[in-house]
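[1] The following block contains a protein sequence and its predicted model.
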Amino acid sequence: METVQIGMLGLGTVGSGVLQMIQNNEDKVANVTGRQLNVKKVLVKHPERHQKVQGGIELTTDIQEIINDQEIQIVVELIGGIHPAKEYIEMALRSRKNVVTANKDLIATYGPELSRLAHDNDCDLMYEASVAGGIPILRTINNSFSADKITEVKGIVNGTTNYILTQMSQQGWSYEKALREAQKLGFAEADPTNDVTGKDAAFKMVILSQFAFGIQLTINDFNVTGIDRLSAFDVQQAGKFGYVIKLVGISRVINDGVFVEVAPVLVPVDHPLATINNEYNAVMVTGQAVGDTLFYGRGAGGLPTANSVLSDITSVTKNLVLKTNGNFFNNYQQRYIPATTDQVAYPYFLSITMPDITGQMLKLTQIMTEINASFSQITQTEANGIARIVIITHAMSGSQLHEFKAQIASEPTINLDAAYKVLK
Ligand SMILES: NC(=O)C1=CN([C@@H]2O[C@H](COP(=O)(O)OP(=O)(O)OC[C@H]3O[C@@H](n4cnc5c(N)ncnc54)[C@H](OP(=O)(O)O)[C@@H]3O)[C@@H](O)[C@H]2O)C=CC1
Ligand SMILES: N[C@@H](CC=O)C(=O)O
Ligand code: NA
């Protein structure tokens, strides 16, 4: 049987998982593709850390060793970040090597440009692992929703933050302890800033929006809020109202436009997304014909992510056999029109502090009345002369919320500490 030679860039959490899977599952891959897979060379930064690597694999710190190797037909990029991953992928594609990557930062930022370069060189560029780790979501949207009109894609697409929120609420762990553990388990990015600030989830929503709606956008086109400023008080209060707070990405068609956001939102305890815990992710895709569908699985971790990388490697291998490399991974294209804030309506959870003195509550009620918004539920707790008011509103538009924030900002004694959407 012929062998397909692979060059891998990076041998961390995901790279090690890919190596393990290729070595353990070679029979099945050979059965499915008619080819043997062999990892010939691996690019690393610190070769001294990888001395135990077996199977005749050559370690290198020089990318040219892989680019100039005529036998290597597939380059698997698992370094992460924009540079030098982008330059390495470009070099590989220009040398007519197919590329598989798990790099959402890069694909969300330069995906269309790199896909064009791949196409121009008759190469594949596939990135199933870039969204929701082990959940096979991109190929599913591409293949199985090819005719249905998708109206919404929403879900939990960052494993690290979902792990942190779960441990904080179920084990009472501090934010710092939960983050440290997520790093130890290999869920977090090398620098976890993008995880906790919502940027990693935002990259994934950019890619999901490309597949679901055909639109090209960047993370600068929509609001992104992470969990780094979420207070334990708000998590507790949400619980008392019957909600859990999850970091959710939403991409939703409204009239002719698309509304996209990543933020902590209140999810009713009986909603499917409320039951997604730890590093698990879930993506809910709603189609006009099919209605709601839900895809669930591990969103981070070596082996689950490696499974998605291997699904791309086997697809590329099948294309090599059939000589059909060079098609776009996603070829749905539509113009992107952002939905305007007055079109987007949700109930809100508003967390407010004010001095515990007469007249304050009246002011708050007057502001709500002036902007034509109303309360659905409200609680007040007090400590040290400060009243903490938590409100769940009826649905209000983004413009009403904006006006509410402006009016509260002009009241020196009333502070709006948090405003989160509430899912229905
Ligand atoms: N971890 C996860 O659960 C998931 C990760 N991803 C994505 O997969 C990719 C890899 O992530 P992960 O495995 O966690 O990352 P790690 O930090 O665990 O591994 C990165 C690897 O890349 C190597 N590397 C880094 N910089 C360079 C460089 N300049 N030149 C050569 N080698 C370099 C490192 O080498 P050395 O070991 O020698 O230092 C290391 O082996 C990222 O894009 C990430 O976003 C996607 C889904 C899930
Ligand atoms: N850091 C990411 C890894 C997968 O994409 C996450 O926690 O989801
Ligand atoms: Na995936």
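    Okay, I see it. Given the structure is predicted, the values throughout are model-derived calculations rather than measurements. Ligands and ions are numbered 1, 2, ... in the order given.

[2] Next, find the distance separating the residue of the stretch 301-424 of the chain found nearest ligand 1 from residue 104.
    Residue of the stretch 301-424 of the chain nearest ligand 1, by CB to the nearest ligand atom: residue 305 (4.0 Å). Any C-beta I mention is one placed from the backbone N, CA and C, and that applies to glycine too. In this view, residue 305 and residue 104 are 11 Å apart by CB to CB, to the nearest Å.

[3] picking up where we left off before, can you pull the contacts of the residue of the stretch 301-424 of the chain closest to ligand 1?
    13, 14, 17, 102, 129, 133, 134 (CB atoms under 8 Å, 6 or more residues apart in numbering).

[4] Turn these into CSV, columns for neighbour count.
    Shown next, in CSV, are the contacts of residue 305 (neighbours: other CB atoms under 10 Å):
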residue, neighbour count
13, 21
14, 28
17, 23
102, 27
129, 30
133, 30
134, 25
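
[5] What is the most widely separated pair among these?
    Farthest-apart pair in the contacts of residue 305 is 13 and 134; separation 12.6 Å (CB to CB).

[6] Pull up the overlap in contacts between these two.
    301, 305.

[7] pLDDT (mean, whole number) over the helix or strand hosting the residue of the stretch 301-424 of the chain closest to ligand 1?
    Residue 305 belongs to helix 302-322 when assigned by DSSP states H and E. Averaged over helix 302-322, pLDDT sits at 98.

[8] how far is that helix from where the chain is centred?
    Distance, stretch centre to chain centre, for helix 302-322: 20 Å (CA atoms, centre = their mean, to the nearest Å).

[9] do it and ligand 3 meet?
    Yes: Helix 302-322 reaches ligand 3 (CB under 5 Å from the ion) through residue 308.

[10] Enumerate the positions of that helix that are buried.
    302-317, 319-320 (16 or more other CB atoms under 10 Å).

[11] How about stretch 10-26?
    Result for stretch 10-26 [16+ other CB under 10 Å]: buried residues 10-19, 21-22, 25.

[12] so where is the stretch 301-424 of the chain shaky, pLDDT-wise?
    For the stretch 301-424 of the chain, applying pLDDT under 70 flags no range at all.

[13] Tell me which stretches of it form strands.
    Counting by DSSP state E, counting those that start in this stretch, the stretch 301-424 of the chain has strands at residues 345-346, 348-355, 375-383, 386-393, 396-397, 415-422.

[14] Off-centre distance for the second one?
    Going by CA atoms, centre = their mean, the spacing between the C-alpha centre of strand 348-355 and its chain's C-alpha centre is 29 Å.

[15] Which residue does the chain have closest to ligand 1?
    Ligand 1 sits closest to residue 12 of the chain, with a gap of 1.9 Å, by CB to the nearest ligand atom.
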